[in-house]
Structures are given as C-alpha cells and as structure tokens.
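Asker: Quick one: sequence and predicted model below, then my questions.
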Amino acid sequence: MDALRNLYKAYKGEEAVSIEPITGSGSNRQYYRLTAADGTTLIGVVGTSRDENHSFCYLSSHFTQRQLPVPQVLKVSEDGLRYLQTDLGSTSLFDALKAGREAGGRYTQHERELLRRTIAQLPNLQMRGARGLDFSQCYPQAEMDKTNVLFDLNYFKYCFLKATGLDFHELKLEASFQLLAKDIVSDRSESFLYRDFQARNVMLDAEGNPFFIDFQGGRRGPVQYDLASFLWQASALYSDELRRELIDVYIKALKQYTEVDEKKFRKRLQLFVLFRLLQVLGAYGFRGYFERKKHFLESIPPAMHNLRQLLSEDGCSYPYLKEVLSALVELPQFAPVPKAPVERADGYRTTDVNPYKPHPADGPATFSKYDGKGPLVVKVFSFSYRKGIPEDESGNGGGYVFDCRSTHNPGRYEPYKQLTGLDEPVIRFLEDDGEILTFLESVYKLADAHVNRYIQRGFTSLMFSFGCTGGQHRSVYSAQHLAEHIHKKFGIEVHVTHREQNIKQVFTA
C-alpha cells in the first residue's frame with residue numbers, strides 16, 4: 001500500500017487523501033480508488049505478475065493511441081507490479097443489467113440499447129485494435145492455438161464431465177476433441193481476441209457509452225470467440241430473439257472493417273458457441289464442484305440449458321461428442337424446471353422468464369435447484385433403536401427413517417455376532433436370504449424420486465436413517481447400499497455414518 005501511495009504521489013505531486021479497495025477483482029489483481037484533495041480519482045492496480053501487468057499496460061497504451069474506449073495507463077512502478085489508470089466510474093454493464101437478469105432475461109428497451117451499443121463497439125476493438133499491434137507483447141502467448149483449445153477441452157473433461165459420473169469412451173472423446181480443435185484454429189485471423197469479453201468487463205459512463213477493461217489475457221484470434229463468450233454467458237439469460245438481434249448488430253459493425261460472408265460467419269459462430277460452453281463448464285466444474293464456490297455452482301444449470309438448446313439445434317457436428325453431451329444434459333441433476341410468470345421490481349412483467357428462478361409468489365414449493373443454495377448433500381445413517389434415532393443437524397426434521405427389524409437378523413447366529421453389515425459373511429447371509437433385497441427395492445424407488453426432486457428444487461440436505469435392534473447388521477447393510485446406490489445414480493455428495501460402529505465415509509460429488 002505504501003508503494004502504491006508513493007506511485008500516486010510521484011504522478012500527482014501530492015498525497016492521496018483516501019484509498020478505497022474495489023471489490024470483485026480477480027484473485028491475483030487488487031484494485032483501489034485513490035482520491036485527491038479536489039475530489040478527482042484514479043484507479044491503482046496491484047498485480048502479482050509483471051508479465052501480465054506489462055501486457056495490460058502495453059495493450060492499453062496501444063488502444064489509447066488508436067482512440068479506443070479503454071482506461072489509459074498513467075504511470076507504472078519501476079518493478080512493474082503496480083500502475084495507475086484512469087477511473088471509468090463504478091457502473092459496469094453487468095450492474096446495469098441486474099433487473100433484466102433477475103426477471104429471467106427479460107430486458108427493457110433501455111437495457112437492450114446498452115447491449116446494442118456494447119456489441120457494436122466490439123469489432124472496433126477487435127479490428128482497429130489489431131492494427132499495428134505487436135502480438136508478441138501479449139500474455140501468456142501471442143495467439144490462440146490448438147494447444148489452447150485442447151487444454152480447455154480436457155479441462156471440461158476432467159473438471160466437469162468426469163465429476164458427473166457419466167460413462168464415456170475416453171479415446172473416442174479425445175478423437176472428437178482433436179477434430180474440434182483443428183476446426184477452431186483452421187481459419188487464421190489477424191484480429192484481436194479479447195478472450196474475457198463479458199458484461200463485468202464493460203464499464204459505462206454517464207451517457208451509457210461502453211469502455212472495456214481487463215483485456216490483459218488478449219491475443220491474436222478469431223472474432224467469433226468473443227461474440228460467443230458474451231452472448232452465451234450463462235448468467236445473462238439472453239433470449240434467442242435478443243441474441244439474433246445482437247448478432248445482426250455485430251455483423252453490421254464488423255462489415256465496416258472487413259468483408260463478411262454471413263453464412264460462413266454464422267456457421268463458425270456456432271462452432272465457437274459449442275467450444276465456449278464446454279470451456280466454461282470446465283471452469284464451473286473446478287470452481288464449483290471442487291472449490292465449492294456458490295457463484296459457479298449456480299452458473300452450471302443455465303450453462304446446461306444453453307448446451308441443451310445448442311444440441312436441439314444440431315449445433316454439434318462431431319457424432320461421439322454429441323452422443324456424450326446428449327447423455328450429459330439428460331442426467332437427473334440437470335433436469336430443467338418449468339417456467340413461471342415473474343414480475344420485475346420496476347413493474348416490468350413477463351412470462352418469458354428465467355427457468356432457473358421461481359416467482360416469489362409461488363412460495364417455497366416452487367424453489368428450484370438453480371435458486372437454492374445447492375448442491376444437494378445426502379446423509380445416510382445406520383443406528384440402534386435402543387439408542388434413539390439420529391439427530392438431524394440441518395434442522396430439516398430428520399428425513400426418512402426405515403425400520404429394518406422386519407427382516408431376518410444375522411445377529412441371532414453365533415458366526416455373525418462379532419461382524420457387521422459391511423463384512424462379506426453378513427452380506428452373503430442377507431442377500432441369500434433375500435428379505436433385505438425386497439425391502440431395499442421399495443426404499444430405492446422412494447429415495448430416487450425424492451433425491452431427484454430435491455436436486456430440481458435446490459435443496460441442500462436430505463437424510464435417510466436405517467434402524468435395527470443393535471445398529472450392527474441389517475441397518476448397516478441397508479445404509480451402506482443406499483448410499484452407494486444414490487452416489488452411483490446421481491453423482492452427488494453422500495455421507496454415510498454407521499453410528500453404533502463409529503464408521504463414517506464420504507462419497508464425493
């Protein structure tokens with residue numbers, strides 16, 4: 001902080017009267033608003049990567065010379081870890097579209113005009129910004145290539161697809177990835193690829209004119225990538241009609257800089273939509289499933305909705321990849337929820353709404369997985385009735401309790417008295433007898449329906465408990481098998497606790 005103060009003083013010739021952190025920046029970049037005595041402000045940036053900072057500063061200087069709407073870098077520290085830039089205010093396009101998002105993607109004419117202005121400026125940055133640009137200054141590389149594409153596709157495979165538990169042929173999928181990557185980079189472009197073009201990275205001035213920030217990851221690449229990134233951003237919920245309108249606005253603006261074969265452009269755009277959806281699902285999987293970050297978990301359902309829609313439009317021309325993705329969108333945890341009428345806070349009402357957000361008047365019964373805290377975690381217990389039913393720490397009332405005492409008890413026989421329902425001799429006894437299997441058939445049907453509905457409605461906790469005389473044989477067998485059954489079928493996190501045996505196990509999502 002002292003170094004940032006000194007940099008400000010070296011530039012302004014006076015101390016800043018206040019330095020306020022700006023929330024919402026990237027994990028390795030911190031932003032601050034520095035205020036002078038006369039009330040004017042600058043933005044101070046502190047980064048951990050000199051190369052990334054250098055790339056941004058170079059690009060900002062180049063774009064400023066090209067008179068493009070970006071922040072101007074004013075001064076850089078000698079070590080390259082800090083710099084000052086012009087303050088573009090506090091209103092992002094993402095902020096300005098909040099009401100429309102909350103209404104399920106039903107945007108007013110004013111909001112649509114902000115989107116049109118923004119998308120019309122994108123070719124300006126991509127095409128004029130590329131003129132005279134030294135792409136070797138870009139970080140971490142100068143151009144989008146096949147290696148980049150395959151990295152992102154495998155990110156999707158390992159961080160999302162495998163996490164769902166869906167079976168697939170890895171070699172066949174890799175072959176599809178190779179073909180997709182080849183097609184993505186087949187048409188070399190001399191345009192600037194923003195790479196992180198989204199509403200959060202567009203600032204608006206008082207007149208609603210867009211300015212672009214956070215382009216430090218840009219490089220040479222195809223223009224369709226940025227358009228797909230923006231229009232198919234999961235949380236935006238743009239309607240098909242609005243997407244078509246904005247694509248037309250973009251193509252019209254692009255024609256000011258280059259000839260456009262519209263048929264070819266739209267076909268390649270669909271290719272990049274497919275790639276971008278897989279790319280973001282990989283990121284959502286890692287940040288959501290593995291790091292348990294709520295925002296990314298909430299972004300998965302609308303992204304799956306976009307993927308489902310793309311597949312319905314025959315937007316995937318790679319047969320095995322299409323087969324895998326078609327099976328993926330049909331998994332129970334990604335089941336769509338019916339739409340409901342919604343009224344915006346500003347009185348703008350529509351039935352063309354976010355299928356992931358219930359109307360408040362519908363009450364808790366309509367709460368969907370997309371607006372619940374999610375994801376669902378199932379807890380399964382075995383217990384002895386002599387010691388009481390397990391407590392439900394979630395406060396939801398305990399869920400289902402099943403009495404296993406009607407089934408044949410191996411604990412009555414000496415060879416099994418020191419064993420539990422996890423031991424092979426007890427398992428053979430129970431399954432050869434068959435009563436426990438008939439009992440569990442009914443349990444599975446009830447549990448499957450309940451788990452599926454809880455996933456759809458966004459609930460976070462469901463509990464099943466199995467009791468028997470000693471909490472050792474029948475209840476242990478039943479609890480273990482239900483836990484394994486739910487995890488295998490739904491791919492969600494399941495905790496199984498054999499209370500009287502002091503045994504706990506977690507099946508991760």
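Answerer: Yep, it's here. Numbers count the residues shown, from 1 in each chain.
Asker: Going by C-alpha atoms from here, please, whenever you check contacts or count neighbours.
Answerer: Fine.
Asker: how about residue 299, what does it touch?
Answerer: By C-alpha atoms under 8 Å, 6 or more residues apart in numbering, residue 299 lies in contact with 234-235, 284.
Asker: closest to residue 302 among the residues you listed?
Answerer: Distance to residue 302 across the contacts of residue 299 (C-alpha to C-alpha) is lowest for residue 234, with 5.2 Å.
Asker: since we're on the closest residue to that closest one other than its chain neighbours, how many residues are nearby?
Answerer: In space, and not counting its chain neighbours, residue 234 is closest to residue 303: 4.8 Å by C-alpha to C-alpha, 6 or more residues apart in numbering. Residues within reach of residue 303, counting by other C-alpha atoms under 10 Å, total 21.
Asker: Show residues contacting stretch 396-404.
Answerer: 390-392, 461-468, 474-475.
Asker: Tell me the span between the first and last residue of it.
Answerer: End-to-end distance of stretch 396-404: 23 Å, with C-alpha to C-alpha, to the nearest Å as the criterion.
Asker: Next: stretch 450-465.
Answerer: The first-to-last residue distance of stretch 450-465 comes to 14 Å (C-alpha to C-alpha).
Asker: mean confidence score for that stretch?
Answerer: Mean pLDDT, stretch 450-465: 88.
Asker: before we move on, the earlier item: who wins on neighbours among the contacts of stretch 396-404?
Answerer: Neighbour max across the contacts of stretch 396-404 (other C-alpha under 10 Å) = residue 474, 31 neighbours.
Asker: Please flag which of the contacts of stretch 396-404 sit within strands.
Answerer: Within those, membership in strands is found for 461-468, as judged by DSSP state E.
Asker: Could you export those to CSV, including columns for distance to residue 75?
Answerer: Formatted as CSV, these follow (distance: C-alpha to C-alpha, whole Å):
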residue, distance to residue 75
461, 52
462, 56
463, 58
464, 61
465, 64
466, 67
467, 70
468, 73
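Asker: Next, the buried residues of stretch 376-388.
Answerer: Under the neighbour-count criterion of 16 or more other C-alpha atoms under 10 Å, stretch 376-388 has 376-385 buried.
Asker: who touches it?
Answerer: By C-alpha under 8 Å, 6+ apart, stretch 376-388 touches 389-390, 454-455, 458-472, 475-476, 478-480, 482-483, 492-500.
Asker: Kindly recompute the last result at 7 Å.
Answerer: Residues from elsewhere that reach stretch 376-388, judged by C-alpha atoms under 7 Å, 6 or more residues apart in numbering: 389, 455, 459-471, 475-476, 479, 483, 492-500.
Asker: so which of the buried residues of stretch 376-388 comes closest to residue 143?
Answerer: Closest approach between the buried residues of stretch 376-388 and residue 143, by C-alpha to C-alpha: residue 376, at 40.8 Å.
Asker: how much space between the closest one and residue 401?
Answerer: Remark: distance between residue 376 and residue 401 (C-alpha to C-alpha) = 19 Å.
Asker: what do you get for residue 5?
Answerer: Residue 5 is 63 Å from residue 401, by C-alpha to C-alpha.
Asker: same check, this time on residue 207
Answerer: As judged by C-alpha to C-alpha, residue 207 and residue 401 stand 61 Å apart.
Asker: More neighbours: these two, which one.
Answerer: Neighbours per residue (other C-alpha under 10 Å) separate residue 207 from residue 401, with residue 401 holding more: 16 against 6.
Asker: what sits opposite that one in the beta ladder?
Answerer: Note on residue 401: beta-bridge partners residue 465, judged by DSSP bridges.
Asker: End to end on stretch 397-406, go ahead and measure it.
Answerer: End-to-end distance for stretch 397-406: 24 Å, by C-alpha to C-alpha.
Asker: Correction: the previous question concerned stretch 395-402.
Answerer: First-to-last residue span, stretch 395-402, C-alpha to C-alpha: 19 Å.
Asker: Same question for stretch 157-169.
Answerer: This stretch, stretch 157-169, spans 12 Å end to end (C-alpha to C-alpha).
Asker: Let me see the mean pLDDT of it.
Answerer: Mean predicted confidence for stretch 157-169 is 93.
Asker: Okay, buried residues for it please.
Answerer: Buried, per 16+ other C-alpha under 10 Å, within stretch 157-169: 157, 159-161, 163-166.
Asker: Need the max-distance pair from those residues.
Answerer: Pairwise over these, using C-alpha to C-alpha, the maximum falls at 159 and 166, 12.5 Å.
Asker: Identify the contacts common to those two.
Answerer: In terms of C-alpha under 7 Å, 6+ apart, residue 159 and residue 166 are not both contacted by any residue.
Asker: what residue ranges in the chain score low on pLDDT?
Answerer: 24-27, 337-374, 398 (pLDDT under 70).
Asker: which residues touch the most far-flung residue of the chain relative to its centre?
Answerer: Using C-alpha atoms, centre = their mean, the residue of the chain lying farthest from its centre is residue 414. It sits 54.4 Å away. For residue 414, the contact set (C-alpha under 7 Å, 6+ apart) is empty.
Asker: Mind checking which of the contacts of residue 299 are in helices?
Answerer: Among the contacts of residue 299, DSSP state H puts residue 284 in helices.
Asker: now, which of the contacts of residue 299 sits nearest residue 243?
Answerer: Nearest to residue 243 among the contacts of residue 299, with distances taken as C-alpha to C-alpha, is residue 234, at 12.9 Å.
Asker: Give me the neighbour count for that closest one.
Answerer: Neighbourhood size, residue 234 [other C-alpha under 10 Å]: 22.
Asker: so who does it touch?
Answerer: By C-alpha under 7 Å, 6+ apart, the contact list for residue 234 reads 299, 302-303.
Asker: hmm, 10 Å instead?
Answerer: The contact partners of residue 234, by C-alpha atoms under 10 Å, 6 or more residues apart in numbering, come to 277, 280-281, 298-307.
Asker: Can you give me the buried ones in stretch 23-38?
Answerer: 29-36.
Asker: Most widely separated two among the ones in strands among the contacts of stretch 396-404?
Answerer: The distance between the two most remote of the ones in strands among the contacts of stretch 396-404 (C-alpha to C-alpha) is 23.6 Å, for 461 and 468.
Asker: Tell me the helices and strands packed up against the helix or strand hosting residue 5.
Answerer: For residue 5, the host element (DSSP states H and E) is helix 2-12. Helix 2-12 makes packing contacts with strand 18-22, strand 29-35, strand 41-47, strand 73-76, strand 82-86 when contacts are defined by 3 or more C-alpha pairs under 10 Å, 6 or more residues apart in numbering; DSSP states H and E.
Asker: For residue 419, find the nearest of these.
Answerer: Nearest of the helices and strands packed on helix 2-12 to residue 419, taken as C-alpha to C-alpha: strand 29-35 at 56.7 Å.
Asker: Parallel or antiparallel, list what pairs with that closest one.
Answerer: Strand 29-35 sits in its sheet next to strand 18-22 (antiparallel), strand 41-47 (antiparallel), going by DSSP bridges.
Asker: quick one on the thing from earlier: with distance to residue 23 as added columns, please give the contacts of residue 299 in a markdown table.
Answerer: Shown next, in a markdown table, are those (distance: C-alpha to C-alpha, whole Å):
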| residue | distance to residue 23 |
| --- | --- |
| 234 | 22 |
| 235 | 19 |
| 284 | 21 |
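Asker: any idea which of the contacts of residue 299 is closest to residue 507?
Answerer: Of all the contacts of residue 299, residue 284 has the smallest distance to residue 507: 20.2 Å, by C-alpha to C-alpha.
Asker: Excluding covalently adjacent residues, which one is nearest to that closest one?
Answerer: Of all residues not flanking residue 284 in the chain, residue 296 sits nearest, at 5.0 Å (C-alpha to C-alpha, 6+ apart).
Asker: swap in residue 411?
Answerer: residue 417 (5.0 Å).
Asker: and the one you found, what does it touch?
Answerer: With C-alpha under 10 Å, 6+ apart, residue 417 has these contacts: 410-411, 426, 472-473.
Asker: top of the residues you listed by neighbour count?
Answerer: Highest neighbour count within the contacts of residue 417, by other C-alpha under 10 Å: residue 473, with 28 neighbours.
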